[in-house]
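**Q** Build me a structure from this.
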Amino acid sequence: MSVQPRRPRGDRTRRARCMGNSNTIDLSVEEVFIGIDWGASHNQLCAVNATGARLRQVRVGHDVAGPYQLDAEFARLGTGLPIRVERAEGLLVERLQAGGHRVFPVNPRIAVRARERYRVASSKDDVFDAFTLADTLRHEHAHWRPLPVASPALAERRAVSRDRDRLLELQQRVEAQLHAILDTYHPAPAQLLSSIDRDITLAFIADYPTPQAAARIGAQRMAAFCRRQLSRPEFSGGSELTRRR
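**A** A predicted model of the protein is given here:
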């Protein structure tokens, strides 16, 4: 008759069952490694222990409740957690660092090559991607340094810079759409004026929205239009219109 040794008290183990987004965890003082697959509409979180067992898999939406859901998940898993994410800045990274967690950013291209070591996927799998982020962090975290925490002033500058970049990107998209429409239906404004993102171009389109309306412009009407634009305070001396007249 054989006797199985009893597990000593205080053994650092964790029992977990992971099925989709339903998980049960018997928490202990074991190391936890987290990967977050950042997406346009949601984040996918995966937590693994020191042996690579999946402890938690959760999908978190980009909505008002999302950040609080992340905080609740981290509270279950521990404090000062190592987290790998394919971003080095942004609201998600700032919130993770504000919560006292260590963020290990990774270039998306490097993350793709790391996923290929596990399997070659023909389509994107958020759950699997989050797992590979967490598991590669488990294997390689000793060779990486966490992202330094930015000062409040630097964090504010980064936020302003991100907003500016988003506005410029939106402006370029709208300008490209307007240019395509004008090239197809009303090419005169783009040919007459230097750029379609100027106020004078937009004013011309508003006054003469169709080729038929623009065809009725005579010398006197064009002169009146130019005078109205020259009187606007943003045109200092009307140099642009002077060159075009």
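
**Q** Now Arg56: closest residue in space that isn't a chain neighbour?
**A** In space, and not counting its chain neighbours, Arg56 is closest to Ala47: 4.0 Å by CB to CB, 6 or more residues apart in numbering. Where C-beta positions appear, they are placed from N, C-alpha and C, glycine not excepted.

**Q** Make sure I have this right: that neighbour is in a strand.
**A** Yes: counting by DSSP: H, G, I helix; E, B strand; the rest coil, Ala47 is part of a strand.

**Q** from memory it sits against Leu77, does it?
**A** Yes: at 5.6 Å, Ala47 and Leu77 qualify as touching, with contact defined as CB atoms under 8 Å.

**Q** Which of the two has more residues huddled nearby?
**A** Ala47 (29 against 18; other CB atoms under 10 Å).

**Q** what's near enough to touch the more buried one?
**A** Val32, Phe33, Ile34, Arg54, Leu55, Arg56, Gln57, Glu73, Leu77, Ala134 (CB atoms under 8 Å, 6 or more residues apart in numbering).

**Q** What residues are bridge-paired with it?
**A** Ile34, Arg56 (DSSP bridges).

**Q** Please tell me how far it sits from Ala150.
**A** Using CB to CB, to the nearest Å, we find Ala47 at a distance of 25 Å from Ala150.

**Q** three-state assignment of the residue nearest the centre of the chain?
**A** Nearest residue to the geometric centre of the chain (CA atoms, centre = their mean): Ala40, 6.5 Å. When classified by three-state DSSP, Ala40 comes out as coil.

**Q** Over to Val103?
**A** strand.

**Q** Find me the pLDDT at the closest residue to it other than its chain neighbours, would you?
**A** Spatial nearest neighbour of Val103, excluding adjacent residues (CB to CB, 6+ apart): Leu147 at 4.5 Å. pLDDT for Leu147: 90.
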